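In: Next come a sequence and a model predicted from it.
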Amino acid sequence: MPSEIEERVLQRVKPDKGTMNKVNRAVKALENELRSRSHGKFRVLSVGSIPKGTYLEDPDIDMFILFPRDTPFHELTEVGLRVGREVLDDPVEKYAEHPYIHGRYMGFQADIVPCFEVSEGEPLGSSVDRTPLHTSYVISNLEEGQRDQVILLKAFMKGIGVYGAENRTMGFSGYLCELLVLRYGSFRSVVEATSGWTLGEDVDQGDFDDPLVLIDPVDPGRNVASALSAHNFHLFVHASSCFLRDPGMKFFFPEDSSMDEHHMIDAISSRGTLFVDVVIPAPDIVDDNLYPQVYKAERALRDSLERDGFVLMHTKSLVAYGMVHVLFEIAYGLLPGIEKHRGPPVGNPHTRQFQEKHGDGVYLEDGRLMVDRPRTVRTSEMALFASVPSLDLGTDLNHIFRRDMRILKGDDILEKYPEVMKEFLKRGFPWNR
């Protein structure tokens with residue numbers, strides 16, 4: 001039997017009959033519109049959480065149009081995109097492994113995705129071809145009462161911030177949630193099992209080097225959890241342990257840490273550090289292509305600053321206000337005018353060359369020749385502008401960084417981008433804020 005907390009959560013997140021009827025009407029109407037344009041070339045199938053009955057409020061409609069395996073790829077994409085544009089409002093072409101159409105239909109976000117129709121075990125034209133197989137597998141194996149358990153697990157993961165396998169989040173996909181409930185039986189059983197996981201947890205003894213391994217039952221060569229980051233794996237494990245010790249609605253519906261401008265000013269001042277925001281205009285590309293480059297840029301800039309001698313307290317990257325933001329909290333903004341340069345250890349054949357190059361300034365420290373030399377780059381701004389031309393910050397971001405990069409500090413970030421500073425200053429776990 002569901003606990004009182006689980007019942008209360010389901011009352012808030014499980015769609016009511018009115019919503020379900022509205023969703024079903026939209027799905028049926030969209031199916032009919034697509035079939036009327038098929039002319040025998042493709043089959044229409046609703047996939048994802050809606051046909052499985054595992055969706056939360058306001059779901060997206062995922063409609064696949066399945067072409068025979070011998071259909072030329074150019075015909076699949078041409079027909080799929082044309083039909084998608086005809087039936088959806090505000091259609092936008094997006095790209096995963098191949099193009100699809102995103103838009104709206106009867107008030108819902110909707111995707112029209114062309115794919116090849118394959119049977120289990122057949123070779124795939126692209127990864128999206130297995131999605132109809134996922135839908136069929138879950139519908140065939142998920143028991144009626146387990147649908148609510150999946151909804152609870154999704155709500156829990158959404159509350160702690162690990163729901164979604166897209167590159168922006170790198171968390172748990174809806175399909176992975178469904179498989180976990182199928183594996184362990186209920187939301188509570190999943191949490192109990194996962195609270196004891198360790199990094200590299202291999203549920204199925206698969207040959208994968210990922211934080212979590214759970215083999216796709218319709219594709220044994222695929223790890224369903226491959227998108228999950230180590231950070232989100234650890235966050236879920238920790239949240240599960242905390243929930244078991246002290247269950248509460250706060251895990252499903254965390255309160256937003258409302259930090260007003262006054263509190264942010266105090267936080268910036270009291271920390272005694274330097275806040276830096278490296279800002280560029282965000283390119284018009286899909287999130288799944290944008291975010292890996294944003295995270296790559298963050299790593300490259302962070303490593304460059306540390307090589308230059310800056311001590312970084314925190315880093316974070318996000319997209320907001322139509323801009324890419326790479327933020328740093330730096331222990332101190334001005335480096336000394338000199339830096340210690342390590343030479344070879346005593347007895348090394350290169351000691352003579354080092355001594356001749358640096359002259360009278362050479363000294364001995366812990367058995368190694370050293371010299372204090374002038375530091376050419378002393379501020380984070382100088383270091384960032386000097387390093388960017390030589391760094392790989394992402395295919396679509398490199399030229400933007402080199403042409404349009406701006407650097408804001410402290411109060412200037414707060415004045416121009418207050419929500420960015422609020423997000424950067426957040427500390428602690430979502431359920432404890």
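Out: Looks like it arrived, so ask away.

In: Count the residues that sit near Gly347.
Out: For Gly347, the neighbour count with other CB atoms under 10 Å is 7. Placement of C-beta: from N, CA and C, glycine included.

In: how close does it get to His358?
Out: 18 Å (CB to CB, to the nearest Å).

In: tell me which element Ala110 falls in.
Out: strand 108-116 (DSSP states H and E).

In: mind checking how far Ala230 is from Val237?
Out: Taken as CB to CB, the span from Ala230 to Val237 is 11 Å.

In: who's more crowded, those two?
Out: Applying other CB under 10 Å to Ala230 and Val237 shows that Val237 carries more neighbours, namely 20 against 13.

In: That one looks like it's in a strand, true?
Out: No. Applying DSSP: H, G, I helix; E, B strand; the rest coil, one finds Val237 to be helix, outside a strand.

In: so what's it up against?
Out: Counting by CB atoms under 8 Å, 6 or more residues apart in numbering, Val237 touches 194-195, 197.

In: Which members of these are positioned in helices?
Out: Secondary structure from DSSP state H places Thr194 of the contacts of Val237 in helices.

In: need the contact list for the closest residue to Glu255 other than its chain neighbours.
Out: Closest residue to Glu255 apart from its sequence neighbours, by CB to CB, 6 or more residues apart in numbering: Arg433 at 6.4 Å. Neighbouring residues of Arg433 by CB under 8 Å, 6+ apart: 254-257, 426.

In: Identify, from these, the entry nearest to Val279.
Out: Comparing the contacts of Arg433 against Val279 with CB to CB places Lys426 closest, at 19.1 Å.

In: So what does the closest one have for phi and psi?
Out: The phi and psi values for Lys426, taken as degrees, to the nearest 10, are phi -60, psi 130.

In: so Asp204 sits right up against Val213, yeah?
Out: Yes. The criterion here is CB atoms under 8 Å, and Asp204 meets it with Val213 at 6.1 Å.

In: between those two, which one's more packed in?
Out: Between Asp204 and Val213, counted using other CB under 10 Å, the more crowded position is Val213 (20 against 15).

In: In three-state terms, label Asn232 for me.
Out: Per three-state DSSP, the local secondary structure of Asn232 is helix.

In: per-residue confidence at it?
Out: Listed pLDDT for Asn232 reads 97.

In: cool, Pro123 as well?
Out: 85.

In: Could you measure from the residue nearest to Glu255 over to Pro254?
Out: As judged by CB to CB, Arg433 and Pro254 stand 6 Å apart.

In: Following the chain past the worst-scoring helix or strand of the chain on mean pLDDT, name the next helix or strand.
Out: When the helices and strands of the chain are compared on mean pLDDT, DSSP states H and E, helix 261-271 comes out lowest with a mean of 88. Sequence-wise, the next helix or strand downstream of helix 261-271 (DSSP H and E) is strand 274-281.

In: For that next one, buried residues please.
Out: By neighbour count with 16 or more other CB atoms under 10 Å, strand 274-281 contains the buried residues 274-280.

In: cool, and stretch 67-78?
Out: In stretch 67-78, counting by 16+ other CB under 10 Å, buried: 67, 71, 76-77.

In: Which of the residues you listed fall within strands?
Out: Among the buried residues of stretch 67-78, the members found in strands (DSSP state E) are Phe67.

In: ok, so of the buried residues of stretch 67-78, who is nearest Leu318?
Out: Thr77 (32.3 Å).

In: Run a quick neighbour tally on the closest residue in space to Ala331 that isn't next to it in sequence.
Out: Spatially, and ignoring its direct neighbours in sequence, Ala331 is nearest to Val311 (3.8 Å; CB to CB, 6+ apart). Other residues within reach of Val311, judged by other CB under 10 Å, total 12.

In: again with Val9
Out: Quick note: Val9 (other CB under 10 Å) scores 23 neighbours.

In: Restricting to C-alpha, output the least confident helix or strand of the chain in CSV.
Out: The C-alpha coordinates for helix 261-271 follow below in CSV (Å, rounded to 0.1, in the frame of the first residue of the first chain):
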residue,chain,number,x,y,z
GLU,A,261,19.0,41.1,-4.0
HIS,A,262,19.8,42.2,-0.5
HIS,A,263,20.7,38.6,0.5
MET,A,264,22.8,38.2,-2.6
ILE,A,265,24.7,41.4,-1.9
ASP,A,266,25.4,40.2,1.6
ALA,A,267,26.6,36.8,0.3
ILE,A,268,28.9,38.3,-2.2
SER,A,269,30.4,40.7,0.3
SER,A,270,30.8,38.2,3.2
ARG,A,271,32.5,35.5,1.1
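
In: buried stuff in that helix?
Out: For helix 261-271, the neighbour count (16+ other CB under 10 Å) marks 264, 267-268 as buried.

In: For the chain, identify the residue most remote from the centre.
Out: When distances are taken from the C-alpha mean of the chain, Asp360 lies farthest, 53.4 Å away, according to CA atoms, centre = their mean.

In: mind checking the backbone torsions on that residue?
Out: Here is the backbone geometry of Asp360 (degrees, to the nearest 10): phi -70, psi -10.

In: Can you tell me the element Val83 falls in?
Out: helix 73-87.

In: tell me the angle the following helix or strand past that helix makes with strand 108-116.
Out: The helix or strand immediately downstream of helix 73-87 is strand 89-95, counting by DSSP H and E. If you take axes from the mean of the first three to the mean of the last three CA atoms, to 10 degrees, strand 89-95 sits at 40 degrees to strand 108-116.
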